[in-house]
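Trainee: I'll drop the sequence and a predicted model, then ask my questions.
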Amino acid sequence: MICYRCGSVLGAGKRCLHCGANIAIYKKIIRTSNAYYNAGLEKAKVRDLSGAVKDLTRALEYDKKNIPARNLLGLVFYEIGETVEALCHWVVSKNLQPKNNPADEYLNAVRSDRRQLEAMNQAIKGYNQALEQAAHDGEDLAVIQLRSVISAHPHFVKAYELLALLYIHDEEYSKAGKLLKKALTIDKGNVTCRRYLQEITGKVSKRKSKDRIREERFSEEQLRLAGEEVLVPTYKEKSRVLQFALGLGLGLAICVGSYFFLIRPAVERSISTDMNQYEISYKERIENKDTDIERLQTELEAIKEELAVNKRQMEIYIGEDGSITNYNRILDAMVLYREEKWDDLIELYSKINPAVVESSSFLSVYDQIGTFLNSDELLDKIMDEGVEAFNKYKYEKCRKICQRCLDKNPDYVKALYYMAMSYEAQGNDKSAAEYFKEIVNRFPESEYYKAAYKRLH
């Protein structure tokens, strides 16, 4: 453990042996951070990635320089498809510990596979588009988009969550259940997926229970109606024709009466009862569906708000004025300095925003480049090209380079001198004399004074 004040190795006491700082509370903070890191590591081993994110985040709240916790948090985010969050933590880790840091390997591995990185980027864009479509009544397009996202990026847990939510909204519970179970194989501790799965299980069992009760009631009513329908008139067949006719008429009358007074009312009551049951069932389903829609809309609003927060966080790091963008610009400026591409260096330096750069090393490089750009050393290097052009009889090019130097520093005598010499070489003595006079009048102590004076007299 290192002292927070002087950077020396700490002993077992409550004070630093080197600077005497009180380190009791500091040690407790570091131990707490390490404890959360160990808890997050254990959860990550059993794929409770959501739980690991919480513990590792707490570890960094206690000690933002806990490099193992920050690197592991980046790995967990990368595993659940949060590539931007992973890269941000690895970049910060690298800035805090530039040497012997595993984050270098992680960043190089991601950057080396351009195709995979582009696929991840497209998956994130597709997820954002699907979220926008789902929010504006484009559920079908959102489902198609999310299927493509999951196919390209199978570990993108948030895509699984949103697609399952859309399936639940369309009452396709079987498809939603398969997606949620697959997401839980990636992140066993995902509370959102577990809650959605529990909601689906409850709805399926409730529907089966209602159907069973309805079938039992319908069976009982059919049995009762069957008992009422069995009314067979009995009579003794007579040999006489009149008795036969009377018996036949009496039987027919009994049948007709049974139908109108017994069977038909029973059937009507059964139909009315079934209609009432169906009406009650549909009303209950409509009420439950309205409740589900309100709940899902609330969850969708929460997801949209989370997306907006993620967008803002991405802008902070990888936007046009983000910290990662400015770190890369400083690195590119170093390359341009080494390659002596001064025009490109001047243009790129003007785009760097040092306010978002936290690394002292990068700020030091930025200040050194700025000092160089504001010094005569840069003008000398640019002017070397002008002198070379003059020696090769390229006088127009020489004057352009001289003018660039004078625009940056009107008192740069060397540019005045070669501007005059290039005019003189082309026979424009009048223009040359103006620059020689300026050297003689304004810079009598310069090394070009005597040469300018001779050409005027």
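Mentor: In hand now; what should we look at?

Trainee: Met419 and Arg404, how far apart?
Mentor: 11 Å (Cβ to Cβ, to the nearest Å). C-beta coordinates here come from the backbone N, C-alpha and C atoms, glycine included.

Trainee: okay, the two: which has more neighbours?
Mentor: Taking other Cβ atoms under 10 Å, Met419 and Arg404 do not tie; Met419 has more neighbours (27 against 18).

Trainee: Quickly find the element holding the closest residue to that one other than its chain neighbours.
Mentor: Leaving aside its chain neighbours, Met419 sits nearest to Cys402 (4.2 Å; criterion: Cβ to Cβ, 6 or more residues apart in numbering). Under the criterion of DSSP states H and E, Cys402 resides in helix 395-408.

Trainee: what helices or strands is that helix leaning on?
Mentor: helix 376-391, helix 413-425 (3 or more Cβ pairs under 8 Å, 6 or more residues apart in numbering; DSSP states H and E).

Trainee: Looking at these, which is nearest to Ala183?
Mentor: Among the helices and strands packed on helix 395-408, the nearest to Ala183 by Cβ to Cβ is helix 376-391 (56.2 Å).

Trainee: quick one on the thing from earlier: any chance of the helices and strands packed on helix 395-408 in JSON lines, plus mean pLDDT and distance to Lys64?
Mentor: Output for these, formatted as JSON lines (pLDDT from 0 to 100; distance: least, Cβ to Cβ, whole Å):
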{"stretch": "helix 376-391", "mean pLDDT": "84", "distance to Lys64": "38"}
{"stretch": "helix 413-425", "mean pLDDT": "91", "distance to Lys64": "50"}
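
Trainee: hey, which of those is tucked in deepest?
Mentor: Most buried of these by mean neighbour count (mean count of other Cβ atoms under 10 Å) is helix 413-425; its value is a mean of 22.

Trainee: Report the buried residues of whatever helix or strand comes next after it.
Mentor: Per DSSP H and E, the first helix or strand lying C-terminal to helix 413-425 is helix 429-442. Across helix 429-442, burial judged by 16 or more other Cβ atoms under 10 Å covers 432-433, 435-436, 438-440.

Trainee: so where is this protein shaky, pLDDT-wise?
Mentor: Low-confidence segments of the chain (pLDDT under 70): 1-24, 202-244, 257-262, 264, 266-270, 272, 274-284, 287, 309-322.

Trainee: any idea how it splits into domains?
Mentor: According to automatic domain parsing, the chain comprises the domains 24-112, 118-198, 209-318, 323-373, 376-456.

Trainee: what's around Leu197, how many residues?
Mentor: 20.

Trainee: Settle this for me: it is touching Leu180, isn't it.
Mentor: Yes. The pair Leu197 / Leu180 is scored as a contact, 4.6 Å apart, by Cβ atoms under 8 Å.

Trainee: Quick check: closest non-adjacent residue to Ala176.
Mentor: Ala176 sits nearest to Tyr167 (Cβ to Cβ, 6+ apart), 3.8 Å away.

Trainee: Could you check which helix or strand contains the one you found?
Mentor: helix 157-169.

Trainee: Can I get that helix in PDB? Just the C-alpha atoms.
Mentor: Extracted in PDB, the C-alpha atoms of helix 157-169 (Å, rounded to 0.1, in the frame of the first residue of the first chain):
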ATOM      1  CA  VAL A 157     -28.000  -7.900 -22.800                       C
ATOM      2  CA  LYS A 158     -29.900  -4.600 -23.200                       C
ATOM      3  CA  ALA A 159     -31.000  -5.700 -26.600                       C
ATOM      4  CA  TYR A 160     -32.400  -8.900 -25.100                       C
ATOM      5  CA  GLU A 161     -34.300  -6.900 -22.500                       C
ATOM      6  CA  LEU A 162     -35.900  -4.500 -25.000                       C
ATOM      7  CA  LEU A 163     -36.800  -7.300 -27.500                       C
ATOM      8  CA  ALA A 164     -38.400  -9.400 -24.700                       C
ATOM      9  CA  LEU A 165     -40.300  -6.300 -23.500                       C
ATOM     10  CA  LEU A 166     -41.700  -5.900 -27.000                       C
ATOM     11  CA  TYR A 167     -42.700  -9.500 -27.200                       C
ATOM     12  CA  ILE A 168     -44.500  -9.200 -23.800                       C
ATOM     13  CA  HIS A 169     -46.300  -6.200 -25.100                       C
END
